[in-house]
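A.B. asks: have a look at this prediction, sequence included:
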2 protein chains.
Amino acid sequence: MPDTLSTPTRIRNIAELARLAGVSTGTVSRALADKSLVNKDTRERIQALAREHGFRPNQMARRLRVQETKVIGVVVPLGHEQRQHLSDPFFMAILGHLADTLTENGYDIMLSRVIPDADDWLERIVDSGMLDGVLLIGQSNQFETIERVAQWYRPMVVWGSHRPGQTHCTVGVDNRQGGRLAGECLIKAGRKRLAFLGEAIAPELKDRYDGLCDAAAAAGLPAPIKLDTHLASDVMAEDIAAHIERIHAEVDGIVSASDLIAMHAVRALADRGIRVPEDISVTGFDDLPLAEQTIPRLTTISQSIAVGARAMVQALFERIAGTDSASVEMEPKLIRRDTA
Amino acid sequence: MPDTLSTPTRIRNIAELARLAGVSTGTVSRALADKSLVNKDTRERIQALAREHGFRPNQMARRLRVQETKVIGVVVPLGHEQRQHLSDPFFMAILGHLADTLTENGYDIMLSRVIPDADDWLERIVDSGMLDGVLLIGQSNQFETIERVAQWYRPMVVWGSHRPGQTHCTVGVDNRQGGRLAGECLIKAGRKRLAFLGEAIAPELKDRYDGLCDAAAAAGLPAPIKLDTHLASDVMAEDIAAHIERIHAEVDGIVSASDLIAMHAVRALADRGIRVPEDISVTGFDDLPLAEQTIPRLTTISQSIAVGARAMVQALFERIAGTDSASVEMEPKLIRRDTA
DNA sequence: GCAGATACAACAATCGATTGCAATACCCTT
DNA sequence: AAGGGTATTGCAATCGATTGTTGTATCTGC
């Protein structure tokens, strides 16, 4: 601290430091990068000088020159949601793991600006020149846009469903299989009047619904009814409340599109005195850490977020290195707890 | 799409586009910025050309030149936590709101790399030249470091407690008052054997504990016992489990340092057949959206995260503009629900 | 003592934009 | 037709680094 205060001038760039040290900028640059090309003594002298003045080279300039930003963009497509639901717990959970992995590898994370009304939002992000790669969390209803960009932009990996023939690289679970597992769990518990709680616009959610339908069909049950619910957590509560009467009358088993929805549903049912799982069974999806801490604990489908995040990053790194890594589809797993 | 495919060459910079348009780079730059200085016809011609080739100017270069990055760093100091708990729901909740506000104002967000073992982590972030400003979520045990940097770096705002005489600008609630409110709530419910669940290393959490002590003292009760708990969600469960016996024996009212801790506590108590609030009262802190959806609903202290996030961003913008905005301390509010 | 190798540092081009200033062309006025 | 003004555009410096090439001592060996 004392030396920080005693220094009269802050050094703003490598040139000033060079003048101070009586050498050229090139030498300073190499010295700070600790290259053996410069004499050990001068190198250490320059480094000491830099430390003393608290100087650190401007990263913007360095990255422009080196053409490598060490920044990865992480984006949630918000195509079909007006409200930005960045606070969605699933996004946050996976973001946490992505942050861990990327940080370990020396990358920073940029949550890029998304302008949902412009249809070139992804191009804008990808083309900004600020990013070495892009990770998308969820496909939303932006499948076409993602495909279009994937035609020419390689370092991009998407969390979501894999459709045969698609160009873009996805990592995710077999959502249809997950939906089926949830359905079978309910059916095995004797439930016959099933419903899907969520919205089936995004491919990954539609797949879950389809899986549920598979399970119902296999058991000779009618197609489960579909109850639309926004994913933004503040409107979700109302949406679910609006469905409650119908659920009370027509449903005895609910497959929710996410853990958050399941939590809200259990809560809303409790408000009406409907008990879970005695009166109605409920399943979640995602297996967030939260799912284990609720009362009652959520029965849910595990997406193993940590593994998924790691897979996304690995695939991305391969793509940054030039390899066209393939999509990864993981097996979902039923986590049986208290709600079904 | 057809025209995207028909173009043989991708344009990589403004110079190529200039050659293609038969003008100088300066003109292209001005045309793309839609400056009236260039002829309307050429301007539109250039813009059309750019659109056709899907060209967008390199942001890294632009930002280096204009010395304005339009990027704000958002950082959680992890000083006293080994595990990175980026998935902490409070952080995520406030991050969501920050993202909304910053995005509306044309800023991007960078989750900067934090190397907890190096003591110049903040200098490194602040000095990278990549950021127009920095927002810190929580002070952790890094008060000194933050102060040191605040001496010379203005565009920084911190979520946390305000200590008299500090240099850095904070936004937060009166944590001591919040702790007192929670304590008074329990005392009013007839609880006499109080405990604080959390860790009192970070100033904001210590303040909450002190407030609880105030309330106890005012009611003539002994000082509440302090039960340490990590904030990282995966070890938290074990930590709490380890305290359960002692709680069972010695405690009838718990003030938790956060909603997440409260949730875990309620869950752990339920595992032992201890009912909340019949046997033990529990309060949370933060009033996360989740607190309203749990069973039973959490009684908690509201931090009004949305308002706080907006205040942080506003203070930051003032500081970027050159004004030395003052700290903001908001009034906490008791939200009475089911657990106390 | 000299050729050749080695070590070190300076020079200058480069990354891809922005922008103040200079230059040109054209129009209008008298 | 000359002079002054305006509308456009080009030129070149600049932001702050990195890095290939060149230049100059110094050293080694014979």
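C.D. replies: Nice, I can see it.
A.B. asks: for the rest of this, base every contact and every neighbour count on C-alpha atoms.
C.D. replies: Will do.
A.B. asks: tell me which element residue A:334 is part of?
C.D. replies: Here residue A:334 sits within strand A:333-335, counting by DSSP states H and E.
A.B. asks: and residue A:224, backbone torsions?
C.D. replies: The phi/psi pair for residue A:224 (degrees, to the nearest 10) reads phi -60, psi 150.
A.B. asks: outside of stretch A:313-330 itself, list whatever touches it.
C.D. replies: A:98, A:101-102, A:132-135, A:154-157, A:162, A:169-174, A:303, A:311 (Cα atoms under 8 Å, 6 or more residues apart in numbering or on different chains).
A.B. asks: which among those end up buried?
C.D. replies: A:98, A:101-102, A:132-135, A:154-157, A:162, A:169-174, A:303, A:311 (16 or more other Cα atoms under 10 Å in any protein chain shown).
A.B. asks: just the residues you listed: which are in helices?
C.D. replies: With helices identified by DSSP state H, the entries of those that belong to them are A:98, A:101-102, A:311.
A.B. asks: please name the nearest non-neighbouring residue to residue A:61.
C.D. replies: Sequence neighbours aside, residue B:64 is the residue nearest to residue A:61 in space, at 6.3 Å (criterion: Cα to Cα, 6 or more residues apart in numbering or on different chains).
A.B. asks: sorry, slip of the keys, the one I care about is residue A:219.
C.D. replies: Computed as Cα to Cα, 6+ apart, the closest residue to residue A:219 that is not its neighbour in sequence is residue A:187, at 7.7 Å.
A.B. asks: also residue A:305?
C.D. replies: Distance criterion Cα to Cα, 6+ apart; nearest residue to residue A:305, sequence neighbours excluded, is residue A:94 at 6.0 Å.
A.B. asks: what number of residues lie near that neighbour?
C.D. replies: Residues near residue A:94, counting by other Cα atoms under 10 Å in any protein chain shown, number 23.
A.B. asks: do I have it right that it meets residue A:306?
C.D. replies: Yes. Taking contacts as Cα atoms under 8 Å, residue A:94 lies within contact range of residue A:306: 7.1 Å.
A.B. asks: hang on, residue A:224 packs against residue A:214?
C.D. replies: No. At 9.9 Å, residue A:224 does not count as touching residue A:214 under the criterion of Cα under 8 Å.
A.B. asks: what is the burial count for the residue nearest to residue A:114 when sequence neighbours are not counted?
C.D. replies: Nearest non-adjacent residue to residue A:114, counting by Cα to Cα, 6+ apart: residue A:121, 6.2 Å away. Look at residue A:121: counted by other Cα under 10 Å, it has 18 neighbours.
A.B. asks: residues of whichever strand or helix holds residue A:178 that come out buried?
C.D. replies: Residue A:178 belongs to helix A:175-188 when assigned by DSSP H and E. For helix A:175-188, a neighbour-count test (16+ other Cα under 10 Å) marks A:175-187 as buried.
A.B. asks: neighbours around residue A:293, how many?
C.D. replies: Neighbourhood size, residue A:293 [other Cα under 10 Å]: 19.
A.B. asks: distance check, it against chain B.
C.D. replies: For residue A:293, the distance to chain B (Cα to the nearest Cα, to the nearest Å) stands at 6 Å.
A.B. asks: backbone dihedrals for that residue, please?
C.D. replies: Note on residue A:293: its backbone torsions stand at phi -110, psi 0 [degrees, to the nearest 10].
A.B. asks: which stretches of chain A form strands?
C.D. replies: Here chain A has its strands, by DSSP state E, at A:71-75, A:108-111, A:133-137, A:156-159, A:169-173, A:194-197, A:225-227, A:253-256, A:281-283, A:300-302, A:328-330, A:333-335.
A.B. asks: as CSV, those with distance to residue B:71 and mean pLDDT would be great.
C.D. replies: Output for the strands of chain A, formatted as CSV (distance: least, Cα to Cα, whole Å; pLDDT from 0 to 100):
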stretch, distance to residue B:71, mean pLDDT
strand A:71-75, 12, 94
strand A:108-111, 9, 92
strand A:133-137, 17, 95
strand A:156-159, 22, 96
strand A:169-173, 28, 96
strand A:194-197, 38, 96
strand A:225-227, 40, 94
strand A:253-256, 37, 96
strand A:281-283, 40, 96
strand A:300-302, 35, 96
strand A:328-330, 33, 95
strand A:333-335, 40, 96
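A.B. asks: which stretch among the ones you listed comes nearest residue B:277?
C.D. replies: strand A:281-283 (25.4 Å; Cα to Cα).
A.B. asks: residue A:292 against residue A:298, yeah?
C.D. replies: Yes. Between residue A:292 and residue A:298 a contact is recorded at 6.3 Å, counting by Cα under 8 Å.
A.B. asks: which one of these two is surrounded by more residues?
C.D. replies: A direct count of neighbours by other Cα under 10 Å for residue A:292 and residue A:298 places residue A:298 higher, at 27 against 18.
A.B. asks: give the contact list for that one.
C.D. replies: For residue A:298, the contacting residues are A:259, A:262-263, A:282-284, A:291-292, A:336-340, by Cα under 8 Å, 6+ apart.
A.B. asks: go again with 10 Å.
C.D. replies: A:259, A:262-263, A:266, A:282-285, A:287-288, A:290-292, A:335-340 (Cα atoms under 10 Å, 6 or more residues apart in numbering or on different chains).
A.B. asks: that one and residue A:178, how far apart?
C.D. replies: Look at residue A:298 and residue A:178: by Cα to Cα, to the nearest Å, they are 15 Å apart.
A.B. asks: now do residue A:56
C.D. replies: Relative to residue A:178, residue A:56 is positioned 50 Å away (Cα to Cα).
A.B. asks: equivalent analysis for residue A:150, please.
C.D. replies: According to Cα to Cα, residue A:150 stands 27 Å off from residue A:178.
A.B. asks: could you dump the ones in helices among the buried ones among the contacts of stretch A:313-330 to a markdown table with distance to DNA strand D and pLDDT?
C.D. replies: Below are these laid out as a markdown table (distance: Cα to the nearest atom of the strand, whole Å; pLDDT from 0 to 100):
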| residue | distance to DNA strand D | pLDDT |
| --- | --- | --- |
| A:98 | 26 | 92 |
| A:101 | 24 | 90 |
| A:102 | 21 | 92 |
| A:311 | 29 | 97 |
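A.B. asks: now for these: which two are most distant?
C.D. replies: A:102 and A:311 (11.6 Å).
A.B. asks: so what pLDDT did the one residue in chain A that gets nearest to DNA strand D get?
C.D. replies: Across chain A, no residue is closer to DNA strand D than residue A:13, which sits at 2.5 Å (Cα to the nearest atom of the strand). pLDDT, the model's per-residue confidence, is 92 for residue A:13.
A.B. asks: run a quick neighbour tally on the residue in the stretch 1-150 of chain A that chain B sits nearest to.
C.D. replies: Proximity of the stretch 1-150 of chain A to chain B (Cα to the nearest Cα) peaks at residue A:110, 4.4 Å away. Burial of residue A:110 is recorded as 23 neighbouring residues (other Cα under 10 Å).
A.B. asks: residues contacting it?
C.D. replies: Counting by Cα under 10 Å, 6+ apart, residue A:110 touches A:71-75, A:130-131, A:134, B:71-74, B:108-112.
A.B. asks: just to revisit the earlier point, pretty sure the residue of chain A closest to DNA strand D sits against residue A:20.
C.D. replies: No. If you go by Cα atoms under 10 Å, residue A:13 and residue A:20 don't touch, sitting 11.2 Å apart.
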